[in-house]
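Enquirer: Mind looking at a prediction? Sequence and model below.
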Amino acid sequence: MTAVDTNILLRVITRDSEPEARRAFALLKNQERIFIPKTVLLELEWVLRRSYGYSPEQILALYHELLNTPTIELEDEAAITQAITWFERGMDFADSLHVASSGPECTFATFDVALQRMALRLGACKIIVP
């Protein structure tokens, strides 16, 4: 199994550098299994949104495609799936991944009042603002 960095996925998705995109496609095509760390998904969302102007809907479609690709293994798939669900329902992806990764039994402390309100609305774990 080969783990990939954000830049490999970015080349495949955006094709902003054709030579690197060809190399990234060849790498992925020749692997039996691809592992994507959840930190790569976090960075991927941020870069696609901030640098490439992708909408949440475009990013969600991409994440659903990754979830449904049998040769791709996502780190902590249960947390990723939960984070994607909350992202679909309006929570910031980074926040949703932080909270989902903490687990349902955990109390999540933050100074972000908007996160607290969103988490309460979505029924996420208990969030406190100290």
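Expert: Arrived safely, thanks for sending. Numbering: from 1, shown residues only.

Enquirer: alpha carbons only for contacts and neighbour counts from here, please
Expert: Fine.

Enquirer: so what's E88 up against?
Expert: P56, L60 (CA atoms under 8 Å, 6 or more residues apart in numbering).

Enquirer: what are the phi and psi values for it?
Expert: Per-residue torsions, E88: phi -60, psi -30 (degrees, to the nearest 10).

Enquirer: for this protein, what spans make up the strands?
Expert: 2-3, 34-36, 72-74, 108-109, 127-128 (DSSP state E).

Enquirer: Can I get those in TSV including mean neighbour count, distance to R121 and mean pLDDT?
Expert: Output for the strands of the chain, formatted as TSV (neighbours: other CA atoms under 10 Å; distance: least, CA to CA, whole Å; pLDDT from 0 to 100):
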stretch	mean neighbour count	distance to R121	mean pLDDT
strand 2-3	14	35	96
strand 34-36	19	30	98
strand 72-74	19	27	96
strand 108-109	16	15	90
strand 127-128	18	11	84
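
Enquirer: Mind putting these into CSV with distance to L120?
Expert: Below are the strands of the chain laid out as CSV (distance: least, CA to CA, whole Å):
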stretch, distance to L120
strand 2-3, 35
strand 34-36, 29
strand 72-74, 27
strand 108-109, 12
strand 127-128, 8
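
Enquirer: all helices in this structure, in order from the N-terminus.
Expert: 6-14, 18-29, 38-50, 56-67, 77-88, 93-102, 113-122 (DSSP state H).

Enquirer: Tell me which of these sits nearest to P130.
Expert: helix 113-122 (10.2 Å; CA to CA).

Enquirer: Give me the helices and strands touching the closest one, please.
Expert: In terms of contacts (3 or more CA pairs under 8 Å, 6 or more residues apart in numbering; DSSP states H and E), helix 113-122 is packed against strand 127-128.

Enquirer: and the nearest residue to D95 once chain neighbours are set aside, how many neighbours?
Expert: Spatially, and ignoring its direct neighbours in sequence, D95 is nearest to L115 (7.2 Å; CA to CA, 6 or more residues apart in numbering). Applying other CA atoms under 10 Å, we find 19 residues neighbouring L115.
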